[in-house]
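Peer 1: Kindly return the folded structure for what I paste below:
(one chain, ligands or ions: 1)
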Amino acid sequence: MDAREMKIKAAEAALSHVEDGMRLGIGTGSTAEEFVRLLAERVAGGLKVEGVPTSERTARLCVELGVPLKSLDELPELDLTIDGADEVDGRLSLIKGGGGALLREKIVASASTRMIVIADESKVVETLGAFKLPIEVNPFGLAATRIAIEKAAARLGLSGAIVLRASGDGTFMTDGGHYILDASFGLIPDADALASSLNDIPGVVEHGLFINMASLAIIAGPAGARTLTAKE
Ligand SMILES: O=C(CO)[C@H](O)[C@H](O)COP(=O)(O)O
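Peer 2: Model (predicted):
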C-alpha cells in the first residue's frame, strides 16, 4: 500500500463516523483532501451534511466537488471535525500546521463536540517534536516575537532554529494574514508547558500544539487502519 492508499484507508474509516444531518468541521492537508473526495461521493449519493472548511484550500475543493459549506459564524457548533496531523502521540496530542492552516483548524476543532484525526503510521510518535513546530505570528513585531519565543523555549530547556516560513520567492501568508515561524526545538517532553508559554506571548496568534482536542485517531498502515484512543 503506498502513502496515498494509506491516507484513503484512514479517510474511509473516518467516513463511518459521519452521520446524516451532521455539522462537520473539514480539515486541511492531503489526508483531509482524501476525506473530502470520499465525503463528496457520499453527498452525491444523498448524505446530508453541512461542512465548515478549515482553509480556503479545503473550501475550494469542497465547492469543486459539491460538498455543501457554511461559515463557522453560520454554524458555530459542530458535531465532528475530521482533520489530518503532522504528529500524533499516545495521548492524542498533536502537532499540526504543516499546511499552514493551524489557526482555523484549532478554532474549528474547538467548536466541535468531537475531533477525529486521520493519518498514516509515519505520523505516530512517542514524543512530539521531530516535526518542526509551526507557530502562527502577527507580522507586526516579528523580531520581538521570535525573541520572546526563544526565551520561553529556553526556560523549558528547549532551543533550536526558528525559521520564517517561505512560499515561492516570498513569505508564506496564512489565510488569516499572518506569518508562520517553524521551530526546530527537537523533542518536546512537556508539550502542555510549551503550549501555555506560547499562549502567553502577545505576538503569537496560535501554535500547532493541539492538546486534549482529539478524541480518536485513525491510523492507516500497510495492514489497514487501526484506531488510537487517548492514554492517560
Ligand atoms: O495541519 C495540517 C495543515 O495545517 C495538516 O493536517 C497536516 O499538515 C497534515 O497534512 P497531510 O495530511 O498532508 O500530511
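
Peer 1: who in this structure is up against the ligand?
Peer 2: Contacts of the chain with the ligand, taken as CB under 6 Å from any ligand atom, map to 27-32, 83-86, 96-102, 105. For the C-beta atoms, the positions are set from N, CA and C on the backbone; glycine is no exception.

Peer 1: Which of these fall within strands?
Peer 2: Asp83 (DSSP state E).

Peer 1: among the residues of the chain next to the ligand, which are in helices?
Peer 2: 30-32, 102, 105 (DSSP state H).

Peer 1: Now rank those residues by neighbours and give me the top one.
Peer 2: Counting neighbours by other CB atoms under 10 Å, Glu105 leads those with 32 neighbours.

Peer 1: Next up, the contacts around Asn138.
Peer 2: Listed by CB atoms under 8 Å, 6 or more residues apart in numbering, the contact set of Asn138 reads 145, 178-179, 203, 205.

Peer 1: Output those in CSV, with pLDDT appended to each entry.
Peer 2: Output for these, formatted as CSV (pLDDT from 0 to 100):
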residue, pLDDT
Thr145, 98
His178, 98
Tyr179, 98
Gly203, 98
Val205, 98
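
Peer 1: now, which of these lie within helices?
Peer 2: Thr145.

Peer 1: Out of the contacts of Asn138, which end up buried?
Peer 2: Neighbour counting with 16 or more other CB atoms under 10 Å marks 145, 178-179, 203, 205 as buried within those.

Peer 1: now, the most widely separated pair of these?
Peer 2: Thr145 and His178 (10.6 Å; CB to CB).

Peer 1: pLDDT on the helix or strand containing Ile116, on average?
Peer 2: Using DSSP states H and E, Ile116 sits within strand 112-120. The pLDDT scores in strand 112-120 average 98.

Peer 1: for stretch 57-76, same thing?
Peer 2: Rounded mean pLDDT across stretch 57-76 is 98.
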